[in-house]
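J.: can't give you the sequence, but here's the structure:
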Ligand SMILES: Nc1ncnc2c1ncn2[C@@H]1O[C@H](COP(=O)(O)OP(=O)(O)OP(=O)(O)O)[C@@H](O)[C@H]1O
C-alpha cells in the first residue's frame, strides 16, 4: 500500500546543506499498522511529510496504493492519504466551527451530501451533531484530536499518516484515542504509518516497526520480535531497554 524506495532529502544548499534522509527503503502492506521509531531528529516526521506531499524536494520513489507520488500536489492522491498531527490545537483553525472544519475538505474536492457526511463522521469518532457549532477552544485535547481524525477521514482515504497522535494528550486520554484509531483501522481496513516515541504505543497498536537513526533506517521488524528482545541492531535493543527502565 505504501512503498518508499531510495528516499533521500536535504534542506539548504552548498555549505548550508543538511541531509536528513539517507536512502530510506520500506514498504507497508494494506491494512497494516506500521510504526516509525527512533530518537528526536532522526527523520521520522520527514518521511511522513514526503508521503503526505508536504515536502516535494525529495529524491527516490514513493508510491501509495500502486500510484507513484510525483513532485507536485496531486489532488487524487490527497484523497487516498491524509495526515494527523501531534498537536490538535495547532492543526485546527481556531475561528472555524467544527462543522466548517469538517466540511472544508468536502468543498475543496466538490463532494456532495456534506451535512450528512459530517454528522456521520462525527458519530464515527465518538462525537455527535451537536459538536458542529462549537469551536476548537471549546473542546478538550482528546475531543480536538477526535475532530482532527474525523477531518483526516472525511475524504475516505485508505492511508493515514499519524505523527505522534497521542503524545500531546493526558495519559488517561491517550488510551481512548489509541482505541479509537484501532477500531477505525479495523472497520475501514485502513493502512496506518505512525511516528511515535512510545514503545508502549507500538506494542499496543502496531504490527511492524522501522527504527530510524540519523536519517537512516536501521532495521524493520515485527512487534513481537521487538518486544521479545529479538532486535538485531544494538541501537534498537537500547531503545527497548530504555523504555523498560
Ligand atoms: N522545514 C525544515 N527545514 C530545515 N530542516 C528541517 C525541516 N524539517 C525538518 N528539518 C530537520 O530534519 C531533521 C529531521 O527532522 P524530523 O522532524 O523528521 O525528525 P523526527 O525524527 O520526526 O524528530 P522528533 O521525534 O523530534 O519529531 C532534523 O534535523 C530537523 O531539524
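T.: Received the coordinates, thanks. As the structure is a computational prediction, the values presented were derived from the model and not from experiment.
J.: Show me what the lowest-mean-pLDDT helix or strand in the chain is packed up against.
T.: Using mean pLDDT, DSSP states H and E, helix 88-91 stands out as the lowest-scoring helix or strand of the chain, at a mean of 74. On a contact count with 3 or more C-beta pairs under 8 Å, 6 or more residues apart in numbering; DSSP states H and E, helix 88-91 meets helix 141-153. C-beta: built from backbone N, CA, C; applies to glycine.
J.: Same question for stretch 7-15: list its buried residues.
T.: 7, 9, 10 (16 or more other C-beta atoms under 10 Å).
J.: With stretch 47-66 instead?
T.: For stretch 47-66, the neighbour count (16+ other C-beta under 10 Å) marks 47, 48, 49, 50, 51, 52, 53, 55, 58, 62, 63, 64 as buried.
J.: can you check stretch 132-146 too?
T.: For stretch 132-146, burial by neighbour count (16+ other C-beta under 10 Å) applies to 132, 136, 139, 141, 142, 143, 144, 145, 146.
J.: Ok, stretch 149-157 next?
T.: The neighbour-count check on stretch 149-157 (16+ other C-beta under 10 Å) flags 149, 150, 151, 152, 153, 154, 155, 157 as buried.
J.: before we move on, what about stretch 74-82?
T.: 74, 77, 78, 80, 81, 82.
J.: State which helix of the chain is the longest.
T.: Scanning the chain for the helix with the most residues, using DSSP state H, yields helix 171-188.
J.: Skip the chain neighbours and tell me the closest residue to the most centrally placed residue in the chain.
T.: The residue lying closest to the centre of the chain (C-alpha atoms, centre = their mean) is residue 162, at 1.6 Å. Counting by C-beta to C-beta, 6 or more residues apart in numbering, residue 194 is the residue found nearest to residue 162 once chain neighbours are left out, at 4.1 Å.
J.: can you list the residues of the protein near the ligand?
T.: 11, 20, 38, 40, 41, 42, 43, 44, 45, 46, 195 (C-beta under 6 Å from any ligand atom).
J.: Tell me the spacing between residue 104 and residue 163.
T.: 20 Å (C-beta to C-beta, to the nearest Å).
J.: neighbour-wise, which of those two wins?
T.: residue 163 (21 against 15; other C-beta atoms under 10 Å).
J.: got the contact list for the more buried one?
T.: 45, 48, 83, 84, 85, 86, 194, 195 (C-beta atoms under 8 Å, 6 or more residues apart in numbering).
J.: What residues are bridge-paired with it?
T.: Listed by DSSP bridges, the beta-bridge partners for residue 163 are residue 195.
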